[in-house]
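Asks: sequence plus the predicted model coming up.
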Amino acid sequence: MSNTMRVGPVVSTSFKGIALFTPGGDCVYCIDERKRAHWHLDLCAALQSHLKLAEPPYFLLPCFTATVDRWVNPTTQAPVTVAEAYPRALPFQPLLNALFGLDNLQWQPNYSSAEECSVALIESYRPTFPQLWLCHDLVIGVEKATATLKDAGPSPEVSLDVLMQPHRFKLFVSGTDTTATEQMLRFLHTTLEATLPGAYILQVIDVTTNPNEAEAANVSATPTLIQVFPEPVRRVVGNVLSQAQMMELLAAR
């Protein structure tokens, strides 16, 4: 397991969330608490910018998407959640639940647009977008600020780094202890969002399947969280007990 995550908790009872996956397993997603827009085009623009694609990969829509809509029933005042995923996105339900703060919600499959989602049609784009068939260990959130990408034109100089300069972290975990890993991710899910003023990217690395990367980072125990950017490099070994402790350990330069 090696994933890169830009995660943030859903803080509103009413919100809309959308995730877009690539054939290689990378993901971009967004949360819109105001429920004003679907952001499908912004997700494609984010992939284009981050992976240096010649054009936005609109062919991924809708076959690789998952959407969730949550609102409050005016009669019962109870939250209502509708979550749907196309077959290509269904295997990522645990990740989707973590991104959108949905616990163990069962996502409903969406089998519409079968013609657009045919294997032959999707594969026909591989020569044009070979990067999308590779796994870059990427899960990144698209902030509202990056919506300007759509209006910025196709200039290759426009990138998410220019707009956000995200903090970067690596979390080394043991894939054999899935419960501890899930607890740590949930803790980081809320803590980093509360601690940091802007975007961040979190790469999750399983030391059992990536021992060389763990050795290169001098990781001898799990979980180990390393702040890679901004410098100086900082690391946290073991479970952190509170948000205050995390803020102290990952204090600004």
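Replies: Arrived safely, thanks for sending. These figures come from a predicted structure and were not determined experimentally. Residues are numbered from 1 along each chain as shown.

Asks: next, count neighbours for Ala89.
Replies: As a burial measure, Ala89 scores 24 neighbours (other CB atoms under 10 Å). From N, CA and C alone the C-beta is placed, and that goes for glycine too.

Asks: now Leu202
Replies: For Leu202, which is what you asked about, the neighbour count (other CB under 10 Å) is 22.

Asks: bridging residues for it?
Replies: Met5, Phe169 (DSSP bridges).

Asks: hang on, it packs against Val173?
Replies: No: applying CB atoms under 8 Å as the test, Leu202 and Val173 come out as separate, 11.3 Å apart.

Asks: is it true that Ala180 lies in a strand?
Replies: No: the assignment for Ala180 by DSSP: H, G, I helix; E, B strand; the rest coil gives helix, which leaves it out of any strand.

Asks: ok, it to Ala221 distance?
Replies: Counting by CB to CB, to the nearest Å, the separation of Ala180 from Ala221 is 12 Å.

Asks: compare neighbour counts for the two and give me the winner.
Replies: Shown here are Ala180 and Ala221; by other CB under 10 Å, Ala180 has more neighbours (14 against 11).

Asks: pretty sure that one is touching Leu171, no?
Replies: No: here Ala180 does not reach Leu171: they are 11.5 Å apart, not a contact under CB under 8 Å.

Asks: what's the overlap in contacts for those two?
Replies: Pro223 (CB atoms under 8 Å, 6 or more residues apart in numbering).

Asks: and Ser112, what does it touch?
Replies: Ser112 neighbours (CB under 8 Å, 6+ apart): Pro62.

Asks: what about it, is that helix, strand or coil?
Replies: Ser112 carries the three-state label coil when classified by three-state DSSP.

Asks: repeat that for the one 10 residues further on.
Replies: Reduced to three states with three-state DSSP, the structure at Ile122 is helix.

Asks: show me what counts as buried in whichever strand or helix holds Val236.
Replies: Assigned by DSSP states H and E, Val236 belongs to strand 234-237. Burial within strand 234-237, assessed by neighbour count using 16 or more other CB atoms under 10 Å, is assigned to 235-236.

Asks: could you export it as CSV, CA atoms only?
Replies: Output in CSV follows, covering the C-alpha atoms of strand 234-237 (Å, rounded to 0.1, in the frame of the first residue of the first chain):
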residue,chain,number,x,y,z
ARG,A,234,10.4,16.7,11.1
ARG,A,235,9.2,13.3,12.2
VAL,A,236,6.8,11.8,14.6
VAL,A,237,7.2,8.2,15.7
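
Asks: who does that strand pair up with?
Replies: Short version: by DSSP bridges, strand 234-237 pairs with strand 224-229 (antiparallel).

Asks: would you map the strands across the protein?
Replies: 2-5, 15-21, 27-32, 65-72, 79-85, 108-109, 139-141, 167-173, 200-206, 224-229, 234-237 (DSSP state E).

Asks: would you tell me which one of those is buried the most?
Replies: strand 139-141 (a mean of 25; mean count of other CB atoms under 10 Å).

Asks: same for it, what does it pack against?
Replies: strand 2-5, strand 27-32, helix 93-100 (3 or more CB pairs under 8 Å, 6 or more residues apart in numbering; DSSP states H and E).

Asks: the second one to strand 15-21, inter-axis angle?
Replies: Angle of strand 27-32 versus strand 15-21, following axes from the mean of the first three to the mean of the last three CA atoms, to 10 degrees, is 170 degrees.

Asks: from here on, count from 40
Replies: With the count now opening at 40, the last piece we talked about shows up as strand 66-71.

Asks: mind giving me the domain split of the protein?
Replies: 47-191, 204-288 (automatic domain parsing).

Asks: weakest of those domains by average pLDDT?
Replies: Comparing mean pLDDT across the domains of the chain, the weakest is domain 204-288, with a mean of 78.

Asks: please state the offset of it from the chain centre?
Replies: 15 Å (CA atoms, centre = their mean, to the nearest Å).

Asks: could you measure from Ala256 over to Asp245?
Replies: Distance from Ala256 to Asp245, by CB to CB: 13 Å.
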